[in-house]
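**Student:** Test case, fold it:
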Amino acid sequence: MRDIYQVYEWDPLLIRAIEEDTGSGDVTTLATIPPDAVCSGRFLAREEGVVCGLFLLARVFALIDPRILVECAIADGDFVPAGHVIARITGPARGVLTGERVALNFIRHLSGIATRTRAAVLSVRGTKARITDTRKTTPGLRSLEKQAVRMGGGVNHRFSLADGILIKDNHIRAAGGIHQAVERARQDAPHMLKIEVETETIEQVDEALQAGADFVMLDNMSLETMTMAVRRIGGRAVVEASGNMGDKDLKAVAATGVDLISIGALTPSVQALDISLRFDL
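**Tutor:** Residues are numbered from 1 along each chain as shown. Down below sits the predicted model:
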């Protein structure tokens with residue numbers, strides 16, 4: 001996965017976000033703030049959580065006005081209590097006010113993902129299960145969102161369709177069955193690619209094992225069925241629990257013996273962390 005800290009790679013996205021928010025101009029700021037006004041302020045975490053996205057925070061303001069200085073008080077991935085200062089800002093007031101919402105939108109969203117992931121990771125502590133994301137991400141923000149998952153202590157599933165073979169229900173139907181789908185994958189795909197099969201029943205688990213799947217996904221199974229499936233697999237494949245896991249008792253899911261718990265709700269639908277910018281008096 002590419003290094004997302006090459007911040008200039010994100011300039012086109014940030015510029016689009018700034019243009020989207022400002023339109024033809026920040027009429028409120030232009031009408032009320034003198035052009036020579038200078039301000040200072042603090043970005044505050046109004047609730048506890050894992051902060052992620054500080055590298056974008058500074059870049060948004062640099063693109064608006066290079067005279068604006070952002071000094072981070074913490075590092076990306078740090079857990080902070082409510083009321084903690086995460087960064088300080090000084091510079092032309094017009095530029096700070098114009099960039100405020102765009103900068104906060106990014107850092108609040110990414111910090112929400114990191115914080116939600118941390119909670120999930122802590123809930124399965126003491127088990128072998130690892131928390132992973134999915135491809136249910138906001139279009140254009142996948143690298144950022146997956147980095148936020150890692151900041152929260154989770155691990156990443158496939159970044160793109162090219163990263164692994166995941167044979168899901170519609171693939172199985174279109175291919176004519178699990179055995180046929182896995183067999184074709186073995187014949188046509190590079191030998192280094194792992195094959196995962198989504199299963200919904202114990203019978204499908206048996207089929208996936210017989211076909212030689214490297215990973216078996218247990219999709220929307222009850223705890224009892226998952227426990228039975230893990231025993232059936234017996235270490236012959238990596239086991240992933242999936243299907244509305246954001247609403248499940250993750251500790252109980254982990255106790256079934258699965259290796260991975262994938263949670264689509266970690267990324268696009270997560271609640272943003274409450275972070276605000278307060279000007280100094």
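**Student:** how many neighbours does the nearest residue to Lys194 once chain neighbours are set aside have?
**Tutor:** With Cβ to Cβ, 6 or more residues apart in numbering as the criterion, Lys194 has its nearest non-adjacent residue at 4.3 Å, and that residue is Asp214. Glycine gets a C-beta too; all of them are placed from N, C-alpha and C. As a burial measure, Asp214 scores 16 neighbours (other Cβ atoms under 10 Å).
**Student:** what pLDDT does Asp214 get?
**Tutor:** Model confidence at Asp214, given as pLDDT, is 95.
**Student:** Quick check: it vs Ile113, distance?
**Tutor:** Using Cβ to Cβ, to the nearest Å, we find Asp214 at a distance of 28 Å from Ile113.
**Student:** Asp76: which element?
**Tutor:** Asp76 belongs to no helix or strand when assigned by DSSP states H and E.
**Student:** quick one, longest helix in this structure?
**Tutor:** helix 93-123 (DSSP state H).
**Student:** continuing past it, what's the next helix or strand?
**Tutor:** Moving toward the C-terminus from helix 93-123, the first helix or strand encountered (DSSP H and E) is strand 130-132.
**Student:** which outside residues touch that following strand?
**Tutor:** With Cβ atoms under 8 Å, 6 or more residues apart in numbering as the test, strand 130-132 has contacts from 117, 120-121, 124, 149, 153-157, 240, 250, 259-263, 266.
**Student:** if you look at those residues, which of them are in helices?
**Tutor:** Counting by DSSP H, the contacts of strand 130-132 place Thr117, Ala120, Val121, Val149, Leu250 in helices.
**Student:** Report all helices and strands that the one helix or strand Asn170 maps to contacts.
**Tutor:** Element membership for Asn170 (DSSP H and E) is helix 169-175. Applying 3 or more Cβ pairs under 8 Å, 6 or more residues apart in numbering; DSSP states H and E, one finds that helix 169-175 contacts helix 178-188, strand 195-199.
**Student:** ok now the longest one, how far from the chain's centre?
**Tutor:** What it means is helix 178-188. 31 Å (Cα atoms, centre = their mean, to the nearest Å).
**Student:** quick check: angle from it to strand 195-199?
**Tutor:** Between helix 178-188 and strand 195-199, the angle comes out at 170 degrees (axes from the mean of the first three to the mean of the last three Cα atoms, to 10 degrees).
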